[in-house]
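Colleague: What follows is a predicted protein model with its sequence.
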Amino acid sequence: MAEPQSRNDGGNPRSAQIVTHRAQVIPTVVPMKLLETQLSKVPDSSVPAIAGATAGIVSGLTVCPLDVIKTKLQAQGGFSKRGLIKDHYYNGLTGTIKTIWKTEGIKGFYRGVVPITLGYLPTWMVYFTVYEGCKSRLSEEEYFRQHSAVAHVVSAVSAGACSTTLTNPIWVVKTRLMTQGSHTSYHYKGTIDAFRTMYRQEGFISFYAGIVPALFGLAHVAVQFPLYEEFKKVFLPPPESSESQKVYGILLSSCLSKMCASFATYPHEVVRTRMQIARAMPSENGHYDNVFQTIYKLVREEGWRAFYSGLGTNLVRTVPASAVTLMTYELIVEQITKLKGSPKL
């Protein structure tokens, strides 16, 4: 009597393919379901923080090269007037790209990528958490329900003040790393070395260089975010519209609001950049000691055009950065909200 054959499907190629396919899919599907399960349990108050942090990381990695170019253009006037570099060493967007490529290579475009990414993460995490929290609180007041634009301005300024104060040290280090070169007296091996060296040589106060013009820059968010909220009312389609229509509405709203705010408030960024590099410049070349002295020196030595140094590059950088940040934020908030409203997996 013949022995019964064991069922092992070893000789069936199709069965083997199915088993292999399942083995490849399961390791991918299980972590995704676990992630979705955990996200569905996120408290409502934590959603803006998670979405903001993610948006900050994506934005920082995306725009770092353009941020380097903008920062060098903003800073070069201060160096050239003190004989540290020749005038117009960085000449416009394309000229600056060529100079960085020639003198520093591809690494030059990513100087400060660590602090800029680490900076954007807490900046937007804190910003959106405070912004959404303020909007929610203010919506409980009758006056702010009737004057939503005022509520958006108050929320934007409050959020901007918190995030700016907490993250200013990171942005000072970023500026130093992006502007260092053969013409500077400061040379850092990296982010950690910059923090250590600045603290040792210049003290804790160096990390808050430029904080006053940075706080003046709250006017930027006071313009941008109320406009963004108003533009969304105009350009965002009804809820039942397709995802692509929503993306288009967010992109248009973010780009227009960012451009308006940039034109209105750009000079403070130049003043802030000059003050951030001032403490590391040779004392015989003069410092930008405070906001008013910096403004006076810029007008006297370089003229009013200095306040718009790198504006074109800044728009090329900030408009896409704003679009990426707000798009990422809105989509993540939407997805987490859907998961929280759906049955548990």
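Modeller: Thanks, I have the structure now.
Colleague: from the chain's centre, how far out does stretch 156-171 sit?
Modeller: 12 Å (CA atoms, centre = their mean, to the nearest Å).
Colleague: now the helices: where do they sit in the protein?
Modeller: 13-40, 47-81, 92-103, 113-138, 142-146, 148-179, 191-202, 211-216, 218-235, 243-265, 267-278, 291-302, 311-341 (DSSP state H).
Colleague: mind putting those in CSV, mean pLDDT, distance to Ser185 and mean neighbour count included?
Modeller: No exception for glycine: its C-beta is placed from N, CA and C like everyone else's. Shown next, in CSV, are the helices of the chain (pLDDT from 0 to 100; distance: least, CB to CB, whole Å; neighbours: other CB atoms under 10 Å):
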stretch, mean pLDDT, distance to Ser185, mean neighbour count
helix 13-40, 56, 48, 11
helix 47-81, 79, 11, 23
helix 92-103, 81, 18, 15
helix 113-138, 89, 20, 22
helix 142-146, 90, 50, 11
helix 148-179, 90, 11, 22
helix 191-202, 90, 10, 15
helix 211-216, 82, 22, 20
helix 218-235, 93, 31, 19
helix 243-265, 91, 30, 18
helix 267-278, 78, 10, 25
helix 291-302, 83, 19, 16
helix 311-341, 86, 25, 19
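Colleague: quick one, what contacts the residue lying closest to Val324 once chain neighbours are set aside?
Modeller: Counting by CB to CB, 6 or more residues apart in numbering, Ser59 is the residue found nearest to Val324 once chain neighbours are left out, at 4.9 Å. Counting by CB atoms under 8 Å, 6 or more residues apart in numbering, Ser59 touches Tyr120, Trp124, Ala321, Val324, Thr325, Thr328.
Colleague: Would you check that the second one makes contact with Tyr329?
Modeller: Yes. Applying CB atoms under 8 Å, one finds Trp124 in contact with Tyr329, separated by 7.3 Å.
Colleague: residues shared between the contacts of those two?
Modeller: Common neighbours of Trp124 and Tyr329 (CB under 8 Å, 6+ apart) are Gly52, Ala55.
Colleague: so what's Glu229 up against?
Modeller: Counting by CB under 8 Å, 6+ apart, Glu229 touches Ser148, Ala149, His152.
Colleague: which among those residues gets closest to Leu66?
Modeller: Proximity of the contacts of Glu229 to Leu66 was ranked by CB to CB; the top entry is His152 with 27.7 Å.
Colleague: need the contact list for that closest one.
Modeller: Counting by CB under 8 Å, 6+ apart, His152 has contacts Lys135, Phe225, Pro226, Glu229.
Colleague: Mind doing that once more with 7 Å?
Modeller: Phe225, Pro226, Glu229 (CB atoms under 7 Å, 6 or more residues apart in numbering).
Colleague: of all the residues you listed, which comes closest to Ala209?
Modeller: Ala209 lies nearest to Phe225 out of these, by CB to CB, at 26.2 Å.
Colleague: Once you drop chain neighbours, what's closest to the closest one?
Modeller: Distances taken as CB to CB, 6+ apart put Ala156 closest to Phe225, at 4.0 Å, once the chain neighbours are dropped.
Colleague: Then Cys134?
Modeller: Among residues not flanking Cys134 along the chain, Ser155 sits closest, at 3.7 Å (CB to CB, 6+ apart).
Colleague: That neighbour touches Tyr131, doesn't it?
Modeller: Yes. Assessed by CB atoms under 7 Å, Ser155 is found in contact with Tyr131 at 5.1 Å.
Colleague: quick one: contacts for Gln245?
Modeller: Listed by CB under 7 Å, 6+ apart, the contact set of Gln245 reads Pro237.
Colleague: center of the protein - which residue?
Modeller: By CA atoms, centre = their mean, the chain has its centre lying nearest to Tyr120, at 4.1 Å.
Colleague: What distance do you get for that residue to Val42?
Modeller: Relative to Val42, Tyr120 is positioned 21 Å away (criterion: CB to CB, to the nearest Å).
Colleague: Please verify my assumption that Ala261 contacts Ala222.
Modeller: No. Using CB under 7 Å, Ala261 makes no contact with Ala222, being 8.4 Å away.
Colleague: State the distance from Gln180 to Ala278.
Modeller: Taking CB to CB, one finds Gln180 at 14 Å from Ala278.
Colleague: got a list of what Ile295 touches?
Modeller: Shown in contact with Ile295 (CB under 7 Å, 6+ apart): Val271.
Colleague: Residue numbering should commence at 259 henceforth.
Modeller: Yep, numbering from 259; the last one is Ile553 now.
Colleague: roughly how far apart are it and Gln459?
Modeller: When distance is defined by CB to CB, Ile553 is 27 Å away from Gln459.
Colleague: now swap in Ala419 and tell me
Modeller: Taken as CB to CB, the span from Ala419 to Gln459 is 29 Å.
Colleague: Cys513 contacts Ala579, doesn't it?
Modeller: No. Judged on CB under 7 Å, Cys513 makes no contact with Ala579 at a distance of 10.6 Å.
Colleague: Which residue comes closest to Val408 once chain neighbours are left out?
Modeller: Nearest residue to Val408, sequence neighbours excluded (CB to CB, 6+ apart): Phe402, at 6.4 Å.
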